[in-house]
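> Here is my input, please return the structure:
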Amino acid sequence: MKKTATRSMALRALLLLVGTLPLAVTIFGTAAAQSAALSPDIKAVVADPIRTDEDRKADERRKPLELLQFTQVRAGMNVLDVSAGGGYTTQLLALAVGPQGSVWAQGTKANTGMDKRLAEHPQPHIHTLLRAFDDPYPADAPRLDLITFVLNYHDVANTGTDRSLMDRRLFEALKPGGHLVVIDHAAQPGSGLRDTKTLHRIDEAVVLGELQQAGFVLEERSPFLQDPSDPRTQAFWDRKDGTDRFALRLVRPAAATAPK
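Numbering: from 1, shown residues only. Predicted coordinates:
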């Protein structure tokens, strides 16, 4: 009796173990796939010696590792960095896509910071574009896998730019399934465009609504730049510890066309 009960218990334990194997394989396989998808090694990108000391000082508040993870940038991609400024994000993206990819750095005027960066460390696959925001990327250039728009959507709102046209042009520039990542300083909910000039912040709902109107679909919000201690009542330069920032990743759906 005891031997039979023991064998029965052992058999049940074995069956239970076997039954959990598919789940374990699935979980392990998913984790392994996610790990393998992080190519190139984004830690190596952030540690690359061509990045400046100024960049590294900014890393604590700008979180480049999390940024690159969120964008899902990969080797060989074609990427547009809108309002690229001095090139902090542009250079990270260029290091991530590697020489087999391309990064276009858009701005409306020449930027000495970008010029200095590329003069000190030439990266032939970075292409500068001097173009208006409402026509930020050539229609005859290769379609893009990724567009980034970091900390400057609020500034565009302070210009005479037709943002609805700009957003449609960004949509059209992407391949179906391509992504747009927008990060900006968060204004108080419901404030709309009230604080774009004074505090250089913008209401997340306004940005999301405008992009959805252009045909984009929200894929993910990320909290990696959130700061609940920020009351959103100060300009970003008055915040020693940084601002509360929103991060949105949107996608151009497959086979979707931009609204007229």
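> CA atoms for contacts and neighbours, from now on please.
Will do.
> first to last residue in stretch 195-205, what's the distance?
14 Å (CA to CA, to the nearest Å).
> Report the mean confidence score over that stretch.
Across stretch 195-205, pLDDT averages out at 97.
> what pairs with Leu248 across the strands?
Beta-bridge partners of Leu248, counted by DSSP bridges, are Val182, Arg221.
> Quick check, it in contact with Val217.
No - look at Leu248 against Val217 with CA atoms under 8 Å: they stay out of range, at 10.3 Å.
> the more surrounded of those two?
Neighbours per residue (other CA atoms under 10 Å) separate Leu248 from Val217, with Leu248 holding more: 21 against 17.
> dump the residue contacts of that one.
Val181, Val182, Ile183, Leu218, Glu219, Glu220, Arg221, Ser222 (CA atoms under 8 Å, 6 or more residues apart in numbering).
> Give me the number of neighbouring residues for the second one.
The reference is to Val182. 24.
> Hmm, Arg245 and it touching each other?
No - if you go by CA under 8 Å, Val182 and Arg245 don't touch, sitting 10.2 Å apart.
> got the contact list for Ala235?
Thr198, Leu199, His200, Arg201.
> could you dump those residues to CSV with distance to Phe236, neighbour count and secondary structure?
Shown next, in CSV, are the contacts of Ala235 (distance: CA to CA, whole Å; neighbours: other CA atoms under 10 Å; DSSP: H, G, I helix; E, B strand; the rest coil):
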residue, distance to Phe236, neighbour count, secondary structure
Thr198, 10, 10, coil
Leu199, 7, 19, coil
His200, 7, 24, coil
Arg201, 8, 31, coil
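> Next SSE downstream of the worst-scoring helix or strand of the chain on mean pLDDT?
When the helices and strands of the chain are scored by mean pLDDT, DSSP states H and E, helix 2-37 comes last with a mean of 38. Using DSSP states H and E, the next helix or strand after helix 2-37 towards the C-terminus is helix 42-47.
> Please export the C-alpha coordinates of that following helix as CSV.
Provided in CSV are the C-alpha atoms of helix 42-47 (Å, rounded to 0.1, in the frame of the first residue of the first chain):
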residue,chain,number,x,y,z
ILE,A,42,22.9,49.2,-26.4
LYS,A,43,25.2,49.3,-23.3
ALA,A,44,28.1,49.4,-25.7
VAL,A,45,26.4,52.2,-27.6
VAL,A,46,26.1,54.3,-24.5
ALA,A,47,29.7,53.5,-23.5
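> And it, what does it pack against?
Applying 3 or more CA pairs under 8 Å, 6 or more residues apart in numbering; DSSP states H and E, one finds that helix 42-47 contacts helix 64-71, helix 88-97.
> Okay, now the unreliable bits of this protein?
Where the chain drops to pLDDT under 70, the residues are 1-40, 256, 258, 260.
> So what's the residue count around the nearest residue to Phe224 once chain neighbours are set aside?
Excluding the flanking residues, the one nearest Phe224 by CA to CA, 6 or more residues apart in numbering is Glu66, at 6.8 Å. Glu66: 14 surrounding residues under other CA under 10 Å.
> Arg56 versus Glu66, what's the distance?
Taking CA to CA, one finds Glu66 at 14 Å from Arg56.
> And Phe246, by the same measure?
From Phe246 over to Arg56 (counting by CA to CA), the distance is 22 Å.
> okay, the two: which has more neighbours?
Phe246 (22 against 16).
> pretty sure the more buried one is in a helix, no?
No - counting by DSSP: H, G, I helix; E, B strand; the rest coil, Phe246 is not part of a helix but strand.
> Looks like it contacts Asp227 (just checking).
No - contact criterion CA under 8 Å: Phe246 and Asp227 do not qualify, at 9.5 Å.
> quick revisit: out of the contacts of Leu248, which end up buried?
With burial judged by 16 or more other CA atoms under 10 Å, the buried subset of the contacts of Leu248 is Val181, Val182, Ile183, Leu218.
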